[in-house]
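1. Sequence below, structure please.
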Amino acid sequence: MNRYGSRWMQVAALVAVVSGLFIGRANALTPNAVKSGELLLATDNAGEYLPALQQDSNVEIHVTGPVARTRLRQRFTNPADVWVEGLYAFPLPENAAVDRLRMIIGDRIVEGQIQEKAEAQRIYQAARDAGQRASLVESLRPNLFTTRVANIPPRGEIEVEIEFQQLLAWRDGRYSLRFPLAVTPRYSPPPADPEASLPAPLLPGGVQIADETDAQSGWLSNPVELAVFLDAGFDLAQVHSDSHPIEVRQISAAAVEVHLADGVVASDRDFQLDWWPVPAQAPRATYFVAPGPDADYGLLLVVPPDERFDSGPVQPREVVFVVDTSGSMGGESMRAAKAALDSALARLGPADTFDVVRFSSDSAALFPAPVAADAGNKSRAQDYVAGFEADGGTDMRQALELVFAMPEKPDRARVRQLVFITDGAVDNEAALFELIHEHLGDRRLFTIGIGSAPNAYFMTEAARFGRGSHTYIANLDELHSRMDELFARLERPALTDIALTLPVAADLAPDPIPDLYAGEPIAVIMRLDAPVDRVRLDGRIGVRPWAADLDLRNAAEGSGLDVLWAREKIDGWMRAASRGEDHERVRAEVIALALEHHLVSAYTSLVAVDVTPVRSQDAPLNGQAVRATAPIGFAQGATPSALLMLIGFALSLAGLGGFASLRRVRA
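-> Now for the predicted structure:
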């Protein structure tokens, strides 16, 4: 090759080296970038980790009535010949009350103890530096947790057990259990004021988002085995999963054992299980009690009769549909979102008005303000929706501000509703909740979670802040049934002003009780000074009063109700922070509750230390890498477009150099 061709190849090689540096850096992860429960090994770059080889995962869920107790066990192997420190990041249900950690490293077992976050970090760091085995469990956000593990031995194995309690959801005649196995990467908008972009309680550690990794690798990534032991408390009519094929073994008329039909599967989608009672046993009012040394705890579930929500003619509505068209919605999620919106538009009546807003890195509305839902406008909207393509970031704040700035036409007869269709892949939830609280006005906000791993915490909390309801659509097969259920709620009045009257002093959670819709239960957890045998419920459905007197003398025995009560109280204080409550007061109240009930929270962590040093002071900590997974159907883009252009430019230079050299040789 002559000197001209050689120079072309040298330039191409330089660009390729730079590209390689970018690619190597893109493989590093931060905790928010995990796609499923996995161990991340520390690198030399602060805040960046590489995934370790996962051997297997096991999830065991015991359901008794409306309460689930879950043990998540994951075994990891350190494939290196050096000592490592790892970061174990994992999603959990948004209402999980995490109260136990067991960590097994070799033949050593370490139990976690609850401490204030700063003290727990100090204990962990001191043990790590002293060569002791140690672990630290922290809450990154309500549905994402991390465990740090120090001094994992060469070629050693670690077993992590996390236990938590949760209250299950009853809606539309069935119970539902959702266990997250994957996490959609979240978008972090550039804040105008970084210090004020998020209240500290909801984003500890300042962890940022990283690029997603490739899930379509052709091998079983992050395998999981899952079993549910279900004692429903009533005779079962059906047990079904929309997310996975399952095998159901009947134990009794009210109890079953559920396993994944494929045995071990990839952690690329959330697991969902639904079960229905035989019609004659559908619960109307259920009360569980758990006596304690200092107080009794009670759980009351009441499903108002469905016919009470039928209040005559349906009120005209103003509905603004806000659709997420960001890159995380690519593939199956975008197809489901379009189909959901088509179904929603078809349900609008001639007296309704509507608008459609799409958002990604920017936002745009089809109309400047809601218009009549006539055939022409609906057809125009359907054409608009058909052109949606998934691309860009998830700047949800911009979309909300656009909706809140729309001109308003005072019309007390019209119900104003805001319907969000999104995977919720954002990391600024608290700022969005604050915006909703301040500017929603008399609108009600409903969320439709799209995809195999939506951000359930955002979906449920946004709907609660917006006095609305939420639903999930994991695949197109269930779209029409889920949309019919949602619109049955949208088209009927809410149960509001709910009040519970007790004969003894009680601390209720949640307080106040949120508004409800047809098919949803009133669920209240109580800390009681003494046992109770009767309660009264009052509220309003539309403009009509509603009341129920309940006999509680035949209460069923409950377990772990104190933990559920404490978790709900903590959630209430965190919501208060987004509504402007003093953060120091919120912090103090949350810490007191979490320490008393041994719970991980925004301000408390579980820490465990094995007192025996195992690593000499001169032996460094290192890391090894392995591939991670992303949710199934997630749009893949591990190599950024700018980097692809750079690589293409390098290849073009190489091609030109070779062509120039060939021409001169031929000459």
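
2. What ranges does the stretch 251-400 of the chain have for its strands?
-> Here the stretch 251-400 of the chain has its strands, by DSSP state E, counting those that start in this stretch, at 255-266, 271-277, 285-290, 296-302, 317-324, 353-359, 363-365, 371-372.

3. export those strands to CSV and tack on mean neighbour count and distance to Leu593?
-> All C-beta atoms are positioned from the backbone trio N, CA, C, and that covers glycine. As requested, the strands of the stretch 251-400 of the chain are exported to CSV (neighbours: other CB atoms under 10 Å; distance: least, CB to CB, whole Å):
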stretch, mean neighbour count, distance to Leu593
strand 255-266, 16, 33
strand 271-277, 21, 29
strand 285-290, 20, 17
strand 296-302, 22, 13
strand 317-324, 23, 34
strand 353-359, 23, 36
strand 363-365, 17, 39
strand 371-372, 14, 48
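
4. can you tell which of those is closest to Glu581?
-> strand 296-302 (24.8 Å; CB to CB).

5. wait, which of the strands of the stretch 251-400 of the chain is closest to Asp427?
-> strand 317-324 (14.6 Å).

6. Quick one: list the elements packing against that closest one.
-> helix 332-347, strand 353-359, helix 396-404, strand 415-422 (3 or more CB pairs under 8 Å, 6 or more residues apart in numbering; DSSP states H and E).

7. one step back: same list (the strands of the stretch 251-400 of the chain) but as CSV, adding distance to Leu341 and mean pLDDT.
-> As requested, the strands of the stretch 251-400 of the chain are exported to CSV (distance: least, CB to CB, whole Å; pLDDT from 0 to 100):
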stretch, distance to Leu341, mean pLDDT
strand 255-266, 30, 96
strand 271-277, 22, 96
strand 285-290, 37, 91
strand 296-302, 33, 93
strand 317-324, 6, 95
strand 353-359, 7, 97
strand 363-365, 14, 97
strand 371-372, 16, 96
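
8. The helices and strands packed on strand 317-324 into a markdown table, with extra columns for distance to Glu247?
-> Below are those laid out as a markdown table (distance: least, CB to CB, whole Å):
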| stretch | distance to Glu247 |
| --- | --- |
| helix 332-347 | 25 |
| strand 353-359 | 41 |
| helix 396-404 | 39 |
| strand 415-422 | 33 |
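
9. nearest to Ile513, of those?
-> strand 415-422 (21.1 Å).

10. pLDDT weak spots in this protein?
-> 1-45, 48-55, 185-221, 308, 311-313, 622-667 (pLDDT under 70).

11. Show me the helices in it, by range?
-> 3-26, 117-129, 332-347, 375-386, 396-404, 429-439, 456-465, 479-490, 561-578, 583-597, 641-666 (DSSP state H).

12. Hmm, Tyr517 is touching Ser469, no?
-> Yes. Judged on CB atoms under 8 Å, Tyr517 makes contact with Ser469 at a distance of 5.0 Å.

13. These two: which has the busier surroundings?
-> Ser469 (26 against 22; other CB atoms under 10 Å).

14. is it true that the more buried one touches Ala463?
-> Yes. Between Ser469 and Ala463 there is a contact at 5.5 Å, judged by CB under 8 Å.

15. Please enumerate the shared neighbours of those two.
-> Phe446 (CB atoms under 8 Å, 6 or more residues apart in numbering).

16. Could you export stretch 255-273 as CSV, CA atoms only?
-> The C-alpha trace of stretch 255-273 is given here as CSV (Å, rounded to 0.1, in the frame of the first residue of the first chain):
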residue,chain,number,x,y,z
ALA,A,255,-56.1,-23.1,47.1
VAL,A,256,-53.7,-23.7,44.2
GLU,A,257,-50.0,-24.0,43.5
VAL,A,258,-48.8,-22.1,40.4
HIS,A,259,-45.5,-22.7,38.5
LEU,A,260,-44.2,-21.4,35.2
ALA,A,261,-45.0,-23.9,32.5
ASP,A,262,-41.5,-23.5,30.9
GLY,A,263,-39.8,-24.0,34.3
VAL,A,264,-37.0,-21.5,34.0
VAL,A,265,-37.5,-18.3,31.9
ALA,A,266,-35.7,-15.1,31.1
SER,A,267,-36.3,-12.0,33.2
ASP,A,268,-37.5,-10.0,30.2
ARG,A,269,-41.1,-9.2,31.2
ASP,A,270,-43.1,-8.8,34.4
PHE,A,271,-45.1,-11.7,35.8
GLN,A,272,-48.8,-11.2,36.3
LEU,A,273,-51.3,-13.6,37.8
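
17. How far off centre is that stretch?
-> Between the centre of stretch 255-273 and the centre of its chain there are 18 Å (CA atoms, centre = their mean, to the nearest Å).

18. what's the answer for stretch 571-585, then?
-> Remark: stretch 571-585 is offset 20 Å from the chain centroid, using CA atoms, centre = their mean.

19. can you check stretch 579-587 too?
-> With CA atoms, centre = their mean, you get 24 Å for stretch 579-587.

20. For that stretch, buried residues please.
-> Buried residues in stretch 579-587, defined by neighbour count with 16 or more other CB atoms under 10 Å: 586-587.

21. Return the set of residues that bridge with the residue lying closest to Gln115 once chain neighbours are set aside.
-> Using CB to CB, 6 or more residues apart in numbering and skipping residues adjacent in sequence, the residue nearest Gln115 is Val607, 5.5 Å away. Bridge pairing for Val607 (DSSP bridges) gives the partners Gln113, Leu136.

22. Same check on Phe76?
-> Here Phe76, judged by DSSP bridges, has bridge partners Gln54, Ile158.

23. Tally up the residues packed near it, please.
-> 26.

24. how close does it get to Ile158?
-> Here Phe76 is placed at a distance of 5 Å from Ile158 (CB to CB, to the nearest Å).

25. How about Glu116?
-> For Glu116 relative to Ile158 (CB to CB), the value is 26 Å.

26. Tell me which of the two has more neighbours.
-> Ile158 (25 against 16).

27. sorry, back to before: ok, which of the helices and strands packed on strand 317-324 comes nearest Glu438?
-> Per CB to CB, nearest to Glu438 of the helices and strands packed on strand 317-324: helix 396-404, 8.9 Å.

28. So which bits of that closest one are buried?
-> 396-400, 402-404.

29. export that helix as CSV, just CAs?
-> This file holds the C-alpha atoms of helix 396-404, laid out as CSV (Å, rounded to 0.1, in the frame of the first residue of the first chain):
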residue,chain,number,x,y,z
MET,A,396,-43.4,14.1,30.3
ARG,A,397,-43.3,17.4,32.1
GLN,A,398,-43.4,19.3,28.8
ALA,A,399,-46.5,17.4,27.8
LEU,A,400,-48.3,18.1,31.1
GLU,A,401,-47.4,21.8,30.8
LEU,A,402,-48.9,21.9,27.3
VAL,A,403,-52.1,20.3,28.5
PHE,A,404,-52.4,22.6,31.5
